[in-house]
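**Q** this one's structure only:
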Ligand code: PEP
Ligand code: MG
């Protein structure tokens, strides 16, 4: 890259914040695998090489794990869990026995045998698999590369550590790369060619609050070691070799971001109460128990949505009842006496391994969430048993996803009561926790008054409710422009749900992305929400806006909005009102946009 030429790339903003530093390139390209046929007396020596390479790989990962566990940093247990998963892969029969078989029966060299075994395992994940399975394929690759490098005698973890504040640039990063990079040094940011919002790098970067942009496509072609790089993790923008002017602008933006974060944290422990004394509980959405410290440090007062399917997705196999129990207990104890709303598995469609999947034309409309659990009662009962057992360690609320009508709610509750009875017979006496539902389907919104009579609370999953109400796939970029949380149809449904909850006297929460958008605060207050659940880092700003607002103004605004028709007009009215009242607070967040994923 000639000096002085700035290149701007746009990727996916994986972790907010601005970092400016020197590029530190990690070469993680695949090794070339030598391929040859073995002579009869070469088979045994290659089997021995194979054994050694697996053992050495395991020892290396053990060492990485030890370093990570010793690093008292948030996110360390995420790393440790991923490394444990890689160590399990190293012992997987599909890998070990298949590689041995290829050496023995097809007489191919050990490196080639490992490469072919890896390809076979990856083939089990469909090509059109969702992001989660793409990530698991990447894990299989990382493990395979390590074994092959060890067979070839190439260094695996021997890279010198990047200097503090460096921007790590890579095609992709393995979880152990990420762990090593972070364990004793604070890198400034990450930028990768590939990756997704749910990739490990993204998850770990968010947990550690390190700015990151993934899926830039070609950062490794554009940046060289030592180049200046700006990472704008909020907008997903990367500038390589910024001009002096650009750099100065980003320095100012970075300072403003930091000051703003600090300033917002200063009101962290105050209640989210409006000027006219309406208090809303601000809760967090979590996917992993490890996110709890970050949630609490941002002033989270509860867990409003624990997406338990990640327990399964993280492990790549169904958790045992004990594993469920231990996780729930951890979260409940960390929050106690504050409430924790645990959503039962929202699995199904593509969120299942190929072997368990039934082909579906429209997975989002298929056998998922509560439908899947009712179809697989054993899996559901294991989770419910663990939830009930864990309930004594804190304040648990159980929530069922994707309820379409009373029949499903009743069926799910019957199973819960039956499981409780079974526990009682076994000598474990537990009270029944509050049982609520997610309102994510238009059918549920339209009969919210009836569902309210049989639910202890409602939580609106706007991510799905909007997708089903407006008929747009929330993952599909092509129709993202239609994703309008303030569409009149959505507002009408939200108001009906709120009125049904109020009439039945049950708490009314919202946990979709719409809840964490500060621009929506007045609308949400107008709807009468009692709890808003969002990503931990979104809480401080939402709290600040609530504290500067009046719920009565929200109600008046909502009435005005419901008299309008076009979504654009509604959005404009909201923006005008919000910037008139809270201009200074919202200047960085001026968007009422589609959900990101
Ligand atoms: C939602 O649909 O709004 C929700 C919170 O659930 P998820 O995003 O996990 O589908
Ligand atoms: Mg949902």
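**A** Arrived safely, thanks for sending. Owing to the predicted nature of the structure, the values given are computational and were not obtained by experimental measurement. Ligands and ions are numbered 1, 2, ... in the order given.
**Q** next structured bit after the helix or strand hosting residue 490?
**A** Element membership for residue 490, per DSSP states H and E: helix 488-504. Once helix 488-504 ends, the next helix or strand along the chain (criterion: DSSP H and E) is strand 508-510.
**Q** ok, now which ones touch residue 395?
**A** Contact analysis of residue 395 by CB atoms under 8 Å, 6 or more residues apart in numbering lists 332, 335-340. C-beta: built from backbone N, CA, C; applies to glycine.
**Q** go again with 7 Å.
**A** Counting by CB atoms under 7 Å, 6 or more residues apart in numbering, residue 395 makes contact with 336-340.
**Q** just the buried members of those residues?
**A** When the contacts of residue 395 are checked for burial by 16 or more other CB atoms under 10 Å, the buried set is 338-340.
**Q** check which helices and strands the helix holding residue 490 sits against.
**A** Judged by 3 or more CB pairs under 7 Å, 6 or more residues apart in numbering; DSSP states H and E, the packing partners of helix 488-504 are helix 442-446, helix 448-452, strand 458-460, helix 462-470, helix 521-527.
**Q** wait, isn't residue 264 in contact with residue 541?
**A** Yes. Here residue 264 reaches residue 541: they are 5.6 Å apart, a contact under CB atoms under 7 Å.
**Q** for residue 405, give its distance to residue 548.
**A** 40 Å (CB to CB, to the nearest Å).
**Q** let me redo that: residue 300
**A** Computed as CB to CB, the residue 300 to residue 548 distance reads 20 Å.
**Q** between those two, who's got more neighbours?
**A** Neighbours per residue (other CB atoms under 10 Å) separate residue 300 from residue 548, with residue 300 holding more: 26 against 14.
**Q** need the buried ones among the contacts of residue 395 in JSON lines (columns: distance to residue 489, pLDDT and secondary structure).
**A** Converted to JSON lines, the buried ones among the contacts of residue 395 look like this (distance: CB to CB, whole Å; pLDDT from 0 to 100; DSSP: H, G, I helix; E, B strand; the rest coil):
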{"residue": "338", "distance to residue 489": "35", "pLDDT": "97", "secondary structure": "coil"}
{"residue": "339", "distance to residue 489": "31", "pLDDT": "98", "secondary structure": "strand"}
{"residue": "340", "distance to residue 489": "32", "pLDDT": "98", "secondary structure": "strand"}
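**Q** of all the residues you listed, which comes closest to residue 509?
**A** Lowest distance from residue 509 to those (CB to CB) belongs to residue 339, with 10.2 Å.
**Q** wait, what's in contact with that closest one?
**A** Taking CB under 7 Å, 6+ apart, we find residue 339 in contact with 302, 395, 397.
**Q** spell out which residues of this structure are next to ligand 2.
**A** Within the chain, the positions near ligand 2 by CB under 5 Å from the ion are 440, 461, 464.
**Q** quick check: domain ranges of this protein?
**A** Per automatic domain parsing, the domain ranges recorded for the chain read 7-29+158-246, 40-152, 279-586.
**Q** how far off centre is the second one?
**A** From the chain centre to the centre of domain 40-152 is a distance of 25 Å (CA atoms, centre = their mean, to the nearest Å).
**Q** picking up where we left off before, from the buried ones among the contacts of residue 395, which is closest to residue 573?
**A** Set against residue 573, the nearest of these by CB to CB is residue 339 (34.4 Å).
**Q** bridging residues for the closest one?
**A** Beta bridges link residue 339 to residue 395 when assigned by DSSP bridges.
**Q** quick one: it and residue 396, what's the gap?
**A** The value you get for residue 339 to residue 396, if CB to CB is used, is 8 Å.
**Q** mind telling me which residue of the stretch 151-300 of the chain is nearest ligand 1?
**A** Nearest residue of the stretch 151-300 of the chain to ligand 1 (CB to the nearest ligand atom) works out as residue 285 at 6.8 Å.
**Q** what is the neighbour count of that residue?
**A** Residue 285 has 24 neighbours, counted by other CB under 10 Å.
**Q** and residue 421, by the same measure?
**A** Neighbours around residue 421, by other CB under 10 Å: 10.
**Q** and the helix or strand containing it, what's buried?
**A** Assigned by DSSP H and E, residue 421 belongs to helix 406-425. Going by neighbour count (16+ other CB under 10 Å), the buried part of helix 406-425 is 408-409, 412-413, 415-416, 419-420, 423.
**Q** got it, and stretch 441-451?
**A** 441-442, 444-445, 447-448, 451.
**Q** show me which pair in these is furthest apart.
**A** Of all pairs drawn from those, the greatest distance, 12.7 Å, lies between 442 and 451 (CB to CB).
**Q** list the contacts for residue 388?
**A** 419-420, 423, 430.
**Q** now, among the buried residues of stretch 441-451, which is nearest to ligand 2?
**A** When the buried residues of stretch 441-451 are compared for distance to ligand 2 (CB to the ion), residue 441 wins out at 9.6 Å.
**Q** just give the closest residue to the closest one, not the sequence neighbours.
**A** Of all residues not flanking residue 441 in the chain, residue 404 sits nearest, at 5.1 Å (CB to CB, 6 or more residues apart in numbering).
**Q** roughly how far does the one you found sit from residue 375?
**A** Per CB to CB, residue 404 is found 14 Å from residue 375.
**Q** list, one by one, the residues from the stretch 201-350 of the chain near ligand 1.
**A** Within the stretch 201-350 of the chain, the positions near ligand 1 by CB under 6 Å from any ligand atom are 305, 307, 346.
**Q** just give me the neighbour total for the last one.
**A** Taking other CB under 10 Å as the criterion, the count of residues near residue 346 is 25.
**Q** make sure it is indeed in a helix.
**A** No. Counting by DSSP: H, G, I helix; E, B strand; the rest coil, one finds residue 346 to be coil, located in no helix.
**Q** how about the contacts made by it?
**A** Counting by CB under 7 Å, 6+ apart, residue 346 makes contact with 307, 309, 368-369, 401.
**Q** the second one now?
**A** Contacts for residue 307 were tallied using CB under 7 Å, 6+ apart; they are 287, 343, 346.
**Q** near ligand 1, which residues of the protein?
**A** When proximity is defined as CB under 6 Å from any ligand atom, the chain approaches ligand 1 at 305, 307, 346, 440, 461-464, 511-512.
**Q** repeat that with 8 Å
**A** With CB under 8 Å from any ligand atom as the criterion, the chain meets ligand 1 at residues 285, 305, 307, 343, 346, 401, 438, 440, 459-465, 467, 511-514, 595.
**Q** give me the residue ranges of the stretch 251-400 of the chain where confidence is low.
**A** 313-316, 349-359 (pLDDT under 70).
**Q** change it to 90
**A** Applying pLDDT under 90 to the stretch 251-400 of the chain flags the ranges 256-258, 260-261, 285-291, 293-294, 307, 309-319, 347-367.
**Q** what are the ranges of the strands in it?
**A** Under the criterion DSSP state E, counting those that start in this stretch, strands of the stretch 251-400 of the chain are mapped to 281-286, 303-307, 339-343, 395-400.
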